[in-house]
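Student: model the following, please.
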Amino acid sequence: MTHPTLSYAGVADWRPARLAAMTADATPEAVREAAEGLQAKRFIFFDEETEEILVRSFLRHDGLLKQPKLSISMVNAYGAIASARIREVVTFELQRLYEEFPGWAAFGQEKVLALVKGKGTDMAEFTLGLAPAVTPLFRVNAAQADPLPTTTTTTTTTTTKKLSRRSPARPLPTDWKPTEAHQRKAREKHLDLELQAETFRNHALANDRRASNWDAAFNNWLIKATPGAAPKPAASSPWSREFHQAASNG
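Tutor: Sure, this is the predicted structure:
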């Protein structure tokens, strides 16, 4: 990915309308669908509220963490990220890299280690396994006066992968409800299914989520939910049959 605003932390401006103007036939909606498809494949993570987009594997492949001075530039770029969610994802990726490559020059810098000790969150926790539509193909607008440059402050080399076709993503249907399989899963984990379903609906609506299979999305939601406490067995009443049987056996 190349873009004039791409920072040393792998974050750039997320403005679909401007990106659409740099193509020959795309609309802002199509650009957004493309980004959702790439996000489903974990290539990128974007935050609509702060208009920022992260190239998730940027720090792994760009090579700047192997250079002490550029590592400090990365820390400064991290501080400029407005999105709290993107900061947590960047921290999570730094934590993974620290475990895999503790000898990289960056991890000898106190400022970088301070980021590693922060709160990191896998981007899957924010997307909750909801799968958007497939990324469409765009044609570059030859008439664009100022097209995307071929180089930026730093350059990340990526391999373009053709995404597989899938059922079109859609908003949560108004008549959607948990299935019997969801009921079994909730019982196994001692979850309040009604509460989980309501929270799931609110999250999908508040974040304008799209999914091609909402039943599967809710199943992932239940899998990630913290198990509830197992119900305690009821004490036997002095008037119950079980109480008298236990007393006679004693």
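Student: which residues in the protein form helices?
Tutor: For the chain, the helices defined by DSSP state H cover 16-21, 28-40, 58-61, 68-79, 84-100, 110-116, 124-127, 180-188, 193-206, 214-224, 241-249.
Student: mean pLDDT, mean neighbour count and distance to residue 232 added to these, as a markdown table?
Tutor: Using the backbone N, CA and C atoms, a C-beta is placed for each residue, glycine as well. Listed next are the helices of the chain as a markdown table, based on pLDDT from 0 to 100; neighbours: other Cβ atoms under 10 Å; distance: least, Cβ to Cβ, whole Å:
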| stretch | mean pLDDT | mean neighbour count | distance to residue 232 |
| --- | --- | --- | --- |
| helix 16-21 | 88 | 16 | 53 |
| helix 28-40 | 89 | 20 | 42 |
| helix 58-61 | 93 | 20 | 48 |
| helix 68-79 | 94 | 17 | 47 |
| helix 84-100 | 94 | 19 | 37 |
| helix 110-116 | 95 | 15 | 42 |
| helix 124-127 | 82 | 15 | 31 |
| helix 180-188 | 92 | 14 | 16 |
| helix 193-206 | 90 | 14 | 20 |
| helix 214-224 | 85 | 17 | 23 |
| helix 241-249 | 59 | 10 | 16 |
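Student: out of these, which comes closest to residue 172?
Tutor: Nearest to residue 172, of all those, is helix 193-206, at 4.4 Å by Cβ to Cβ.
Student: how much space between residue 80 and residue 216?
Tutor: Distance of residue 80 to residue 216, computed by Cβ to Cβ, to the nearest Å: 37 Å.
Student: compare the helices of the chain and report which one is nearest to residue 7.
Tutor: When the helices of the chain are compared by Cβ to Cβ, helix 68-79 sits nearest residue 7, at 4.0 Å.
Student: out of the helices of the chain, which gets nearest to residue 174?
Tutor: Taking Cβ to Cβ, helix 193-206 is the member of the helices of the chain nearest to residue 174, at 9.5 Å.
Student: which residues does that closest one contact?
Tutor: Helix 193-206 is contacted by residues 128, 130, 171-172, 176-178, 182-183, 186, 209, 211, 218, 221-222, 225 when judged by Cβ atoms under 8 Å, 6 or more residues apart in numbering.
Student: just the C-alphas of it, formatted as CSV.
Tutor: Extracted as CSV, the C-alpha positions of helix 193-206 are listed here (Å, rounded to 0.1, in the frame of the first residue of the first chain):
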residue,chain,number,x,y,z
LEU,A,193,-29.1,-16.1,25.5
GLU,A,194,-31.6,-13.3,25.5
LEU,A,195,-29.1,-10.8,26.8
GLN,A,196,-26.4,-12.0,24.4
ALA,A,197,-28.7,-11.7,21.4
GLU,A,198,-29.8,-8.2,22.4
THR,A,199,-26.2,-7.1,22.9
PHE,A,200,-25.3,-8.7,19.6
ARG,A,201,-28.1,-6.8,17.8
ASN,A,202,-27.2,-3.5,19.4
HIS,A,203,-23.5,-3.9,18.4
ALA,A,204,-24.4,-4.8,14.8
LEU,A,205,-26.8,-1.8,14.5
ALA,A,206,-24.5,0.7,16.2
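Student: how about the closest residue to residue 39 other than its chain neighbours, what does it touch?
Tutor: Nearest non-adjacent residue to residue 39, counting by Cβ to Cβ, 6 or more residues apart in numbering: residue 45, 5.9 Å away. By Cβ under 8 Å, 6+ apart, the contact set of residue 45 is 39, 53-54, 56, 85-86, 89, 123, 126-127.
Student: repeat for residue 179
Tutor: Taking Cβ under 8 Å, 6+ apart as the criterion, residue 179 is in contact with residue 215.
Student: go again using 10 Å as the cut-off
Tutor: The contact partners of residue 179, taken as Cβ atoms under 10 Å, 6 or more residues apart in numbering, are 185, 215, 218-219.
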